[in-house]
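A.B. asks: Below: sequence and its predicted model.
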Amino acid sequence: MRDLAEKWSAAPDWQNAVIATPDLAIRAALGLNQLLVSGDLDAWARASGVDGTGVGAFGIAQGDRYAARLARDRLLVVSKSPLAIATGWHADGFAVTAISAGLQMFEAEGTALDAFIARGTTLDPGQASASAALSFAGISAIVYRREGKLRIHVDRGLAAYLWTWMETAAGNIAAGSAK
């Protein structure tokens, strides 16, 4: 039987993977907890102590725990340590799902960041939007800023594809600036 896995790019060792050009650096962000929250976001905020508004695309997330808005009733919550709130349905009207294993997160930084964003999406990086969920590099992603870096979350199954795309984009940006 034919091995269909040979058609797919192998995932890099995320612990050590780095894309580095003179004006752009990209690496995997590891060890953070990610929760998907759906439902009554005001009730979520009261129960968890995490803001229920969330940042949109290119918005600036702050603190050790924060939220990115995905839809009117959905957030991606990111934290350095696990939150003291149970997963599952809550009688207050919201559900919490642990999604850390399902999403790969990347961080990009450098003076060529706007050129990198321009290759990934048609959205204006200077205009924050209500939702951080968007099409980036042709796939669904969650994109926002934190501490001067661009954070990109994608389904783990698409991480190797996005990595290959980012390597190509970074190389093209570097080649263009060398001219």
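C.D. replies: Yep, that arrived. Note that this is a predicted model, so its numbers are computed, not measured. Numbering: from 1, shown residues only.

A.B. asks: same question for the longest helix anywhere in the chain, mean pLDDT?
C.D. replies: Counting residues, the longest helix found in the chain (DSSP state H) is helix 159-178. The predicted model assigns helix 159-178 a mean pLDDT of 91.

A.B. asks: what's the answer for stretch 32-41, then?
C.D. replies: Stretch 32-41 comes out at a mean pLDDT of 98.

A.B. asks: Quick check: buried residues in the longest helix of the chain?
C.D. replies: Residues 159, 161-163, 165-166, 169-170, 173-174 are the ones in helix 159-178 that count as buried (16 or more other C-beta atoms under 10 Å). For the C-beta atoms, the positions are set from N, CA and C on the backbone; glycine is no exception.

A.B. asks: contacting residues around the residue sitting nearest the centre point of the chain?
C.D. replies: Central residue of the chain (C-alpha atoms, centre = their mean): His153, 2.2 Å from the mean position. Counting by C-beta atoms under 8 Å, 6 or more residues apart in numbering, His153 makes contact with 34, 68, 76, 103-106, 141-143.

A.B. asks: now swap in Ala29 and tell me
C.D. replies: 105-107, 151.

A.B. asks: Can you lay out those residues as JSON lines showing distance to Ser131?
C.D. replies: Shown next, in JSON lines, are the contacts of Ala29 (distance: C-beta to C-beta, whole Å):
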{"residue": "Met105", "distance to Ser131": "17"}
{"residue": "Phe106", "distance to Ser131": "19"}
{"residue": "Glu107", "distance to Ser131": "20"}
{"residue": "Arg151", "distance to Ser131": "15"}
